[in-house]
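Undergrad: generate a structure from the sequence data that follows.
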Amino acid sequence: MGWLQKLQTRWNAKNLWQVVSILIVFACTGLTVVALMRPLLHYFFGAEIPGWAKVTYYILILPIYNIVLLMYGFIFGQFNFFLQFEKRFFRRLSSLFKK
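TA: So this is what the prediction gives:
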């Protein structure tokens with residue numbers, strides 16, 4: 001069994017095209033978040049970006065990442081998958097803080 005078939009089983013995807021489109025959504029979201037970093041940090045800090053600003057950006061980008069993930073999921077026809085993915089993610093995240 002190849003890695004795409006394993007992902008298909010893990011994600012309960014209907015076919016391999018759905019797996020590929022899910023991977024494309026993750027890739028587009030990651031590229032978008034990284035592409036936003038430099039212009040935003042230059043806007044706030046100018047040419048010299050302090051290291052703490054980059055760390056803060058990665059911490060604060062989480063909500064924006066999730067919105068962008070849902071947006072790309074909608075564009076690629078995988079909104080329901082990513083909505084369920086987000087629900088599981090936040091359920092797990094909230095359980096970490098309850099302990």
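
Undergrad: pull out the buried residues from the helix ranked longest in the chain.
TA: Longest helix of the chain, by residue count under DSSP state H: helix 16-45. Within helix 16-45, the residues that count as buried by 16 or more other C-beta atoms under 10 Å are 18-19, 21-22, 25, 28-29, 33, 41. For the C-beta atoms, the positions are set from N, CA and C on the backbone; glycine is no exception.

Undergrad: for Gly30, see how far away Met37 is.
TA: Going from Met37 to Gly30 by C-beta to C-beta, to the nearest Å gives 11 Å.

Undergrad: thinking again about what came up before, can I get the buried residues of helix 16-45 in TSV with distance to Met1?
TA: Output for the buried residues of helix 16-45, formatted as TSV (distance: C-beta to C-beta, whole Å):
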residue	distance to Met1
Gln18	17
Val19	13
Ser21	20
Ile22	18
Val25	23
Cys28	27
Thr29	27
Val33	32
Leu41	43
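
Undergrad: tabulate the residues you listed in JSON lines, adding columns for pLDDT and distance to Ile64.
TA: JSON lines is the format used below for these (pLDDT from 0 to 100; distance: C-beta to C-beta, whole Å):
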{"residue": "Gln18", "pLDDT": "96", "distance to Ile64": "25"}
{"residue": "Val19", "pLDDT": "96", "distance to Ile64": "25"}
{"residue": "Ser21", "pLDDT": "96", "distance to Ile64": "22"}
{"residue": "Ile22", "pLDDT": "97", "distance to Ile64": "20"}
{"residue": "Val25", "pLDDT": "97", "distance to Ile64": "15"}
{"residue": "Cys28", "pLDDT": "97", "distance to Ile64": "14"}
{"residue": "Thr29", "pLDDT": "96", "distance to Ile64": "10"}
{"residue": "Val33", "pLDDT": "92", "distance to Ile64": "7"}
{"residue": "Leu41", "pLDDT": "89", "distance to Ile64": "14"}
